[in-house]
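Peer 1: Attaching a predicted model along with its sequence, questions to come.
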4 protein chains.
Amino acid sequence: MIFTKKVLNHGFVHLVDMMGSDDRVLDAARVSTGASSKGAEQDRKLIEYLMKNRHHTPFEKIVFEWHIKCPIFVARQWFRHRIGSFNEVSGRYKEFQFEAYYPDEWRSPGDTNHQGSVFGVLTDSEDLELTKQLDFAYKTMKETYYNLLELGAAKELARLVLPMGQYTEFYWTVNMRAFMNFISLRDDAHAQWEIQQYAKTMRNMVTKTNRIPLSWGAFEKHGYGA
Amino acid sequence: MIFTKKVLNHGFVHLVDMMGSDDRVLDAARVSTGASSKGAEQDRKLIEYLMKNRHHTPFEKIVFEWHIKCPIFVARQWFRHRIGSFNEVSGRYKEFQFEAYYPDEWRSPGDTNHQGSVFGVLTDSEDLELTKQLDFAYKTMKETYYNLLELGAAKELARLVLPMGQYTEFYWTVNMRAFMNFISLRDDAHAQWEIQQYAKTMRNMVTKTNRIPLSWGAFEKHGYGA
Amino acid sequence: MIFTKKVLNHGFVHLVDMMGSDDRVLDAARVSTGASSKGAEQDRKLIEYLMKNRHHTPFEKIVFEWHIKCPIFVARQWFRHRIGSFNEVSGRYKEFQFEAYYPDEWRSPGDTNHQGSVFGVLTDSEDLELTKQLDFAYKTMKETYYNLLELGAAKELARLVLPMGQYTEFYWTVNMRAFMNFISLRDDAHAQWEIQQYAKTMRNMVTKTNRIPLSWGAFEKHGYGA
Amino acid sequence: MIFTKKVLNHGFVHLVDMMGSDDRVLDAARVSTGASSKGAEQDRKLIEYLMKNRHHTPFEKIVFEWHIKCPIFVARQWFRHRIGSFNEVSGRYKEFQFEAYYPDEWRSPGDTNHQGSVFGVLTDSEDLELTKQLDFAYKTMKETYYNLLELGAAKELARLVLPMGQYTEFYWTVNMRAFMNFISLRDDAHAQWEIQQYAKTMRNMVTKTNRIPLSWGAFEKHGYGA
């Protein structure tokens, strides 16, 4: 079941482990009424009913363990989700390998960019110029980071020059309820394009495990809290 | 791995499932420094270091799924623990089977019972009289509960006469960190004797699984937050 | 601002204190964009936008302190809400004054009582008979509770005979986001009638304080997560 | 009561508001036993008892509202504290004013820097060289950030070059229990020096308000969970 997908230029998502099943959700839902299963069709209907009516607690029986590598500006959006457990690389104790994110295509502010979601168009030469500037700045930061270390700065201070585009890594333990909330907010046109790629990838991976077809199917059909 | 233990006269604890391992804890701890394992002895030392210095987040990588049957007054103490997921029998939708808790031995208020933890001694005949009174009240409640249902009361109102000693059932998903907090507070002389029995039983069960010998061993040695 | 309302036969809700304001919500929302207020109409529109689009975090700036007295079966539903702080009377340390809830009107199971929300009708004489039975059982429990105490039982064991209809008291600290979630789930036809009365009363009280007219108005208009 | 203190070269902490009092803590503690106050000395003793024995829930009745300005690497440590509410400046919607942190004194890795807490000594000329390098990198990033914006990049992409030393701002709503946990972990020799300055400043500010002398005094005397 364990597998990995690449995201962006240096990132990945890795589904390390998973606990629970559709049966576990059904048990949790039915403990309240004391009912027992009346067959596959009724099971499917019950799970759809739970999702549609936002009885989300039974979905907390399913827990995911993820390993993620993403740019720091993406991680900063991720860590706002408080229900779940994070363990991240520390720039205090680990010397970072300088690895940074480059956009394939640059986005520019659009006419109606309320919430930043509609963007204007740039020409190829503008794209090229932006990437050149980004690359130059990244190279300066990289060089300075290693210089500071060599000159005797503690890692926790040398990192002052690491950019928001630098990659970081973390483990994330999260139950299905909080994960649905994450997916519904981050695989959404209002989210920044980069975190959307992570959310989309994880969404597909959960589908492909086929471990919770009823629960995940109900989420895909009814959404979370919409 | 899945097993069940009886607790009190009608209760049980059932370890339904478990996610994670000592290796998962080690991975989560080492992601911060980027270090890798240097053998079993170093692994043990790292886990002990984490526990002793209260770096508890890596232990959130381990998750338990429990199924519990206990009296309502015990469940009321249990549900005060907010980090974790509960799904409980509902007296609105399920007709309860009247089953109630009888103490084997009665406790009486002691001299210095600050926090109710030191108790006086009762004679056998006093014990007998208390049990007789309890039994009479329970029988009245039981009879009334079924009468109310038969006379047409909704389950959610008939239950008004169910006693705090009535048994209930629930599923509990909880990570190891919150579970250690529960065990340290409830397998403790200040906790009520009845919930202590649940905490002690679960503590032994986790030991017996032998699934997380380093992490659980470190907890047994250093305690949680003491 | 502090006031109290009676609920059910012996219960109450008391709004002890409140922190925050519409301005605080606006500050929290605008810190993200760095914008400043462009007048009252724009303020109202921004708060409505936040509510409608489920950007709920700025509403966490508003915090309520409540003091509640309600039957134990209602408190059990209440304590399932995990975001917030509860401090409740303890039957281990306090001798309860026996006070229990009597329904004014009994509800009976209806034809289509999925989720228990549609009920049948009982005659006056049926109502009378149900109340008589309830009263008899309550009296037995009350007498037994005091007998057990007098015969030397510890309070924590004497309470085994206290019914689910017994009143309890607690303080509840809760931010507006979690409070909206509570109100939307409990002032709802699917919730049990008794907890609906608490939710409705608190909803009116917050309206009457007029302390957060924009935020509360937006909730009343757009709902929470619907 | 509302006041502000500067921290580091461009940062601040601002105590916006506070809810609760020692009396509120006492009420919450005494609701469990039904006791009432027996004078100031008994009040002090009860609060000390709660703190010493880690009965921390009554302290959740006290809530703080803070406004913080700090470097991003400090904010990243801060946001790991999950109990509480954050609203932060967004680099997607707001053009940052480039403002970055410069250490007054550089720290270097020491002999026994387990957890990075013991540091070596640098000469003045080494300090000077490190600052020069940092300054050069900052200037490149600043220039590049504004260039990228001018060349048409969306703010959410231009920020890729902002350094971890860049300042950010946020509001933080937090109850006293979670705040004590923060202070005990961050005003500690194992925490990074920069976040220690924030924790020390906030600790002093709460003392100076003199709004919760008993509760804060008990924390200063007994610590949190130590």
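Peer 2: That came through fine. Residues are numbered from 1 along each chain as shown, chains lettered A, B, ... in the order given.
Peer 1: quick one: low-confidence ranges for chain A?
Peer 2: A:1-2, A:111-118, A:226 (pLDDT under 70).
Peer 1: Mind jotting down where the strands sit in it?
Peer 2: For chain A, the strands defined by DSSP state E occupy A:3-7, A:11-19, A:63-71, A:85-88, A:108-109, A:119-120, A:167-175.
Peer 1: elements contacting the last one?
Peer 2: Taking 3 or more Cβ pairs under 8 Å, 6 or more residues apart in numbering or on different chains; DSSP states H and E as contact, the helices and strands that strand A:167-175 lies on are strand A:63-71, helix A:72-78, strand A:85-88, helix B:22-31. (Glycine included, C-beta is placed from N, CA and C.)
Peer 1: touching chain A at all, the longest one?
Peer 2: Yes: under the criterion of Cβ under 8 Å from any Cβ of the partner chain, helix B:22-31 makes contact with chain A via B:24, B:27, B:28, B:29, B:31.
Peer 1: The nearest residue to residue A:86 once chain neighbours are set aside: neighbour count?
Peer 2: In this structure, residue A:86 finds its nearest non-sequential neighbour in residue A:170, 5.4 Å apart by Cβ to Cβ, 6 or more residues apart in numbering or on different chains. Using other Cβ atoms under 10 Å in any protein chain shown, the number of residues around residue A:170 comes to 20.
Peer 1: residues contacting residue A:170?
Peer 2: A:67, A:68, A:75, A:86, A:87, A:88, A:89, B:31 (Cβ atoms under 8 Å, 6 or more residues apart in numbering or on different chains).
Peer 1: Can you pull the residues of chain A lying near chain B?
Peer 2: Counting by Cβ under 8 Å from any Cβ, chain A sits next to chain B at A:16-20, A:24, A:27-29, A:31-34, A:57-58, A:60-61, A:63, A:65, A:85-90, A:93-95, A:169-171, A:173, A:175.
Peer 1: if you set the cut-off to 7 Å instead, what comes out?
Peer 2: A:17, A:19, A:27-28, A:31-34, A:57-58, A:60-61, A:63, A:65, A:85, A:87-90, A:93-94, A:169-171, A:173, A:175 (Cβ under 7 Å from any Cβ of the partner chain).
Peer 1: Tabulate the helices and strands packed on strand A:167-175 (a markdown table), appending mean neighbour count.
Peer 2: A markdown table is the format used below for the helices and strands packed on strand A:167-175 (neighbours: other Cβ atoms under 10 Å in any protein chain shown):
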| stretch | mean neighbour count |
| --- | --- |
| strand A:63-71 | 23 |
| helix A:72-78 | 22 |
| strand A:85-88 | 22 |
| helix B:22-31 | 22 |
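Peer 1: These into JSON lines, with extra columns for distance to residue A:42?
Peer 2: JSON lines is the format used below for the helices and strands packed on strand A:167-175 (distance: least, Cβ to Cβ, whole Å):
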{"stretch": "strand A:63-71", "distance to residue A:42": "25"}
{"stretch": "helix A:72-78", "distance to residue A:42": "37"}
{"stretch": "strand A:85-88", "distance to residue A:42": "35"}
{"stretch": "helix B:22-31", "distance to residue A:42": "36"}
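Peer 1: Which residue, other than its chain neighbours, is closest to residue A:158?
Peer 2: Residue A:158 sits nearest to residue A:148 (Cβ to Cβ, 6+ apart), 3.9 Å away.
Peer 1: The one you found reaches residue D:133, doesn't it?
Peer 2: Yes: assessed by Cβ atoms under 7 Å, residue A:148 is found in contact with residue D:133 at 6.0 Å.
Peer 1: Report the contact partners of residue A:154.
Peer 2: D:107, D:108, D:109, D:116, D:119 (Cβ atoms under 7 Å, 6 or more residues apart in numbering or on different chains).
Peer 1: ok, back up a step: list just the nearest of the contacts of residue A:170 to chain D.
Peer 2: residue A:86 (7.1 Å; Cβ to the nearest Cβ).
Peer 1: so the closest one touches residue A:169, yeah?
Peer 2: No: Residue A:86 is not in contact with residue A:169 according to Cβ under 7 Å; the separation is 10.9 Å.
Peer 1: ok, which residues in chain A are in contact with chain D?
Peer 2: Residues of chain A lying near chain D (Cβ under 7 Å from any Cβ): A:73, A:79, A:82, A:92-93, A:101, A:103, A:106-109, A:116, A:119, A:122, A:126, A:129-130, A:133-134, A:137, A:140-141, A:144, A:147-148, A:151-154, A:156-157, A:159-165, A:192.
Peer 1: May I see the buried residues of the helix ranked longest in chain A?
Peer 2: Using DSSP state H, we find that the single longest helix of chain A is helix A:124-150. Residues of helix A:124-150 classed as buried: A:127, A:129-130, A:133-134, A:137-138, A:140-142, A:144-145, A:147-149 (neighbour count, 16 or more other Cβ atoms under 10 Å in any protein chain shown).
Peer 1: relative to helix D:124-150, how tilted is it?
Peer 2: 170 degrees (axes from the mean of the first three to the mean of the last three Cα atoms, to 10 degrees).
Peer 1: tell me what helix A:124-150 is packed against?
Peer 2: Packed against helix A:124-150, as judged by 3 or more Cβ pairs under 7 Å, 6 or more residues apart in numbering or on different chains; DSSP states H and E, are the following elements: helix A:155-158, helix D:124-150.
Peer 1: Turn those helices into CSV, including distance to residue B:221.
Peer 2: Shown next, in CSV, are the helices and strands packed on helix A:124-150 (distance: least, Cβ to Cβ, whole Å):
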stretch, distance to residue B:221
helix A:155-158, 31
helix D:124-150, 43
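Peer 1: closest one to residue D:220 among the ones you listed?
Peer 2: Residue D:220 lies closest, by Cβ to Cβ, to one member of these: helix A:155-158, at 27.8 Å.
Peer 1: mind saving the C-alpha coords of the closest one as PDB?
Peer 2: Taking C-alpha atoms only, helix A:155-158 is exported to PDB below (Å, rounded to 0.1, in the frame of the first residue of the first chain):
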ATOM      1  CA  LYS A 155      23.000  26.600  12.100                       C
ATOM      2  CA  GLU A 156      20.100  28.300  13.800                       C
ATOM      3  CA  LEU A 157      21.500  31.700  12.700                       C
ATOM      4  CA  ALA A 158      22.900  30.800   9.300                       C
END
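Peer 1: How far off centre is that helix?
Peer 2: 27 Å (Cα atoms, centre = their mean, to the nearest Å).
Peer 1: So which elements touch that helix?
Peer 2: helix A:124-150.
Peer 1: domains for chain A, by residue range?
Peer 2: A:3-88+A:166-222, A:108-161 (automatic domain parsing).
Peer 1: so which residue of chain A comes closest to chain C?
Peer 2: Counting by Cβ to the nearest Cβ, chain A gets nearest chain C through residue A:225, at 5.0 Å.
Peer 1: Contact partners for the closest residue to that residue other than its chain neighbours?
Peer 2: Nearest non-adjacent residue to residue A:225, counting by Cβ to Cβ, 6+ apart: residue C:225, 5.0 Å away. Contacts for residue C:225 (Cβ under 7 Å, 6+ apart) come out as A:225, C:54, C:184.
Peer 1: just checking, the last one touches residue C:220?
Peer 2: By that I understand residue C:184. No: Residue C:184 is beyond contact range of residue C:220, at 10.9 Å (criterion: Cβ under 7 Å).
Peer 1: Quick check on the two: which one has the bigger neighbour count.
Peer 2: residue C:184 (18 against 13).
Peer 1: Measure how buried the closest residue in space to that one that isn't next to it in sequence is and give me the count.
Peer 2: Excluding the flanking residues, the one nearest residue C:184 by Cβ to Cβ, 6+ apart is residue C:224, at 4.3 Å. Burial of residue C:224 is recorded as 20 neighbouring residues (other Cβ under 10 Å).
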